[in-house]
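Novice: This is a predicted model, with the sequence first.
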Amino acid sequence: MDKIVVWYLRMSVIYFVAGAALGMLMLVSPGETGVYRDIHVHFNLLGFMSMMIYGVGYHILPKFSGVNIYSVKIMNLQFWLSNIGLIGMAVSWPMTIVNYAAGIAGPLLILSAALSLTAAILFAFNILKTIRPVKM
Ligand code: HEM
Ligand code: HEM
């Protein structure tokens, strides 16, 4: 397995634990649910689920097509964009909800979300340039 694929999988399960812990936090402290729900959802769905699919997809989809991944550079760059994006969202999203340092948190959230979106687009591009039909 490629080193960066291992890192996609490692980060995925770390986000899973963080997402589940935030779920637990909301259960024991229902008053805080509004602050943590969005980042709980995105740690689980964008962190755990999407990151797992990025890693497994990069490992297995080129093999199904009998080729190498279209761009190793994009695969590496996307790892950093998706993680910086999600961690940025995790820091700034609750801050915007409680209106703490709004002048910094608001723009940071937009920038982080844009990084996450860019990472998703890069994944789509890299995979679409890789997969092709194979004669069975
Ligand atoms: C230990 C595991 C988990 C716990 C304790 C937990 C707990 C919670 C809690 C307390 C809420 C807030 C409910 C409310 O609005 O009052 C919530 C919302 C949510 N959770 Fe989890 N959760 C867990 C795992 C997951 C996982 C693995 C996923 C997805 C893969 C997930 C997806 C969601 C979604 C999408 C919402 C938002 C639902 C809505 O729109 O109201 N959760 N969770
Ligand atoms: C670029 C990446 C993403 C960004 C910037 C983003 C942003 C957002 C925003 C702004 C909301 C509304 C939150 C609110 O009004 O409280 C939201 C809700 C939601 N998003 Fe995302 N999202 C992203 C990716 C995803 C992905 C990949 C999934 C699922 C696989 C997902 C699942 C959800 C769900 C289930 C909700 C509703 C949560 C709730 O009701 O509390 N998002 N997202």
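Specialist: That came through, no problem. Residues are numbered from 1 along each chain as shown. Ligands and ions are numbered 1, 2, ... in the order given.

Novice: For the residue in the chain positioned nearest to ligand 1, which non-adjacent residue is spatially closest?
Specialist: Across the chain, the shortest distance to ligand 1 (CB to the nearest ligand atom) belongs to residue 23, at 2.3 Å. (C-beta placed from N, C-alpha, C; glycine too.) Using CB to CB, 6 or more residues apart in numbering and skipping residues adjacent in sequence, the residue nearest residue 23 is residue 40, 5.4 Å away.

Novice: Residues of this structure that sit close to ligand 2?
Specialist: 37-38, 41-42, 45-46, 49-50, 113, 116-117, 120 (CB under 6 Å from any ligand atom).

Novice: Show me which of these are buried.
Specialist: Among the residues of the chain next to ligand 2, the ones that count as buried by 16 or more other CB atoms under 10 Å are 37-38, 42, 46, 49-50, 113, 116, 120.

Novice: List the contacts of the residue nearest to residue 23.
Specialist: Contacts for residue 40 (CB atoms under 8 Å, 6 or more residues apart in numbering) come out as 19, 22-23, 26.

Novice: Work out the gap between the helix or strand where it lies and the centre of the chain.
Specialist: Using DSSP states H and E, residue 40 sits within helix 33-42. Distance of helix 33-42 from its chain centroid, counting by CA atoms, centre = their mean, to the nearest Å, is 15 Å.

Novice: between whichever helix or strand comes after it and helix 33-42, how many degrees?
Specialist: Later in the chain than helix 33-42, the nearest helix or strand by DSSP H and E is helix 50-65. Orientation check (axes from the mean of the first three to the mean of the last three CA atoms, to 10 degrees): helix 50-65 against helix 33-42 gives 10 degrees.

Novice: Other residues contacting helix 50-65?
Specialist: Outside helix 50-65, the residues touching it (CB under 8 Å, 6+ apart) are 1-2, 4-9, 11-13, 15, 68-69, 75, 78-79, 82, 120, 123, 126-127, 130-134.
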